[in-house]
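>>> Please find the sequence and the predicted model below.
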Amino acid sequence: GKPEVSPKMMKWKDRGTTKNLQEVILGRCYSYVMARYPELGDKDCLKIWESLKHAFIYKNPCNTTSEDYQPLMELASHPIPCNKSLFWSKTKDLAHRYTKSNQNFLTLEDTLLGYMTDTVSWCGDPSAPGINYESCPKRSECESNPTSVFWKMASKMFAEEACGVVQVMLNGSIEAGAFRSNSIFGSIEVFNLNPDKVSAVHIWLMHDIGGPQSESCSGHSIMMLRSILEERNFTITCEDNYRPVQLLQCVQNPDHTDCQPCA
Ligand code: C8R
């Protein structure tokens, strides 16, 4: 009979390593170091790529540890000016659009480490060629996969580095609540802000234009966040639909009633 054409066996459920990973990481690294922040000058992009590669190549992708990334974190880290750190949860695109239009704020993706790795995926495999381009493990398959461990570690470092007033952009249109204690912001960043360096946390609670306002600054999950932060001795403010960010949302929805004068 006719041989069955079977789909390629996928080992894991998430997408595989980004094609041309080396070129993507090196290209972004050089562009960040040379074009965007020439003042960082002495970063060795080739060494940075090698340290990322060695963190996962030929390894079991479910046994990733923070030690694997330690060399990368040290090579890629650079100072972040006080008062500029912007954290986010479920507002990724809006937060990134905002930092592109306002140079006073930086998200993790505006640092070298996050800039190189945003939207990229990678994982290893014990057998040759040591990189799995077909599939990578989802968090539900194994918690200690290369990208999950990476983002947790990078987020921890980003929070530890913060100083002065920090801001967090949360999503008030989420049914489950704007602050989720199992998110990276809620489980890692909040607890790694250093009270000796950070004075205040400003919450910007944005709701989608035309979307529901499921939660406001007096909402339940924001109260939870407040109490965690107060316990850690930070001053807290919360603003519903922080105007400079809402104006950016309105650029994409100019005719919506939420965007009309006196709305
Ligand atoms: N941060 C976390 N995760 C990040 C990230 C980042 O900067 N950048 C990317 N691409 N990711 P979410 P959260 C990916 O649920 O859990 C930092 C990861 O795959 O909307 O609270 C950042 O400083 C990760 O699993 O938010 C920010 O303050 C999801 O996106 C928080 O942590 C996380 O998306 C955001 O993490």
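Alright, I've got the coordinates. Numbers count the residues shown, from 1 in each chain.

>>> which helices and strands does the lengthiest helix in the chain pack with?
Ranked by number of residues, the top helix in the chain under DSSP state H is helix 146-161. Here helix 146-161 touches helix 45-56, helix 66-76, helix 112-117, helix 184, helix 190-192, going by 3 or more Cβ pairs under 8 Å, 6 or more residues apart in numbering; DSSP states H and E. Backbone N, C-alpha and C define where each C-beta goes, glycine included.

>>> Just want the most central residue of this structure.
Leu108 (5.8 Å; Cα atoms, centre = their mean).

>>> Can you get me a residue count around the residue lying closest to that one once chain neighbours are set aside?
Nearest residue to Leu108, sequence neighbours excluded (Cβ to Cβ, 6 or more residues apart in numbering): Gly114, at 3.9 Å. The local packing of Gly114 (other Cβ atoms under 10 Å) involves 19 other residues.

>>> Next: Tyr242.
Count around Tyr242 with other Cβ under 10 Å applied: 17.

>>> give me every residue that touches it.
The contact partners of Tyr242, by Cβ atoms under 8 Å, 6 or more residues apart in numbering, come to 169, 204-206.

>>> could you redo the last one with a cut-off of 7 Å?
By Cβ atoms under 7 Å, 6 or more residues apart in numbering, the contact list for Tyr242 reads 204, 206.

>>> try the one 3 residues further on
Contacts here follow Cβ under 7 Å, 6+ apart; on that basis Val245 touches 94, 98, 169, 204, 206.

>>> Adding neighbour count, write these out as JSON lines.
Formatted as JSON lines, those follow (neighbours: other Cβ atoms under 10 Å):
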{"residue": "Leu94", "neighbour count": "20"}
{"residue": "Tyr98", "neighbour count": "25"}
{"residue": "Met169", "neighbour count": "26"}
{"residue": "Trp204", "neighbour count": "26"}
{"residue": "Met206", "neighbour count": "27"}
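
>>> just those residues now: which is nearest the ligand?
Nearest to the ligand among the contacts of Val245, counting by Cβ to the nearest ligand atom, is Met169 at 8.4 Å.

>>> Do a quick rundown of the strands in the stretch 1-150 of the chain.
14-15, 86-89, 135-136 (DSSP state E, counting those that start in this stretch).

>>> Any idea which of these gets closest to the ligand?
Closest approach to the ligand among the strands of the stretch 1-150 of the chain (Cβ to the nearest ligand atom): strand 86-89, 3.3 Å.

>>> returning to that earlier point: and which of the contacts of Val245 is nearest Ala178?
Met206 (8.9 Å; Cβ to Cβ).

>>> can you list the residues of the stretch 101-250 of the chain near the ligand?
108-109, 114, 118, 151, 155, 158, 183-185, 189 (Cβ under 6 Å from any ligand atom).
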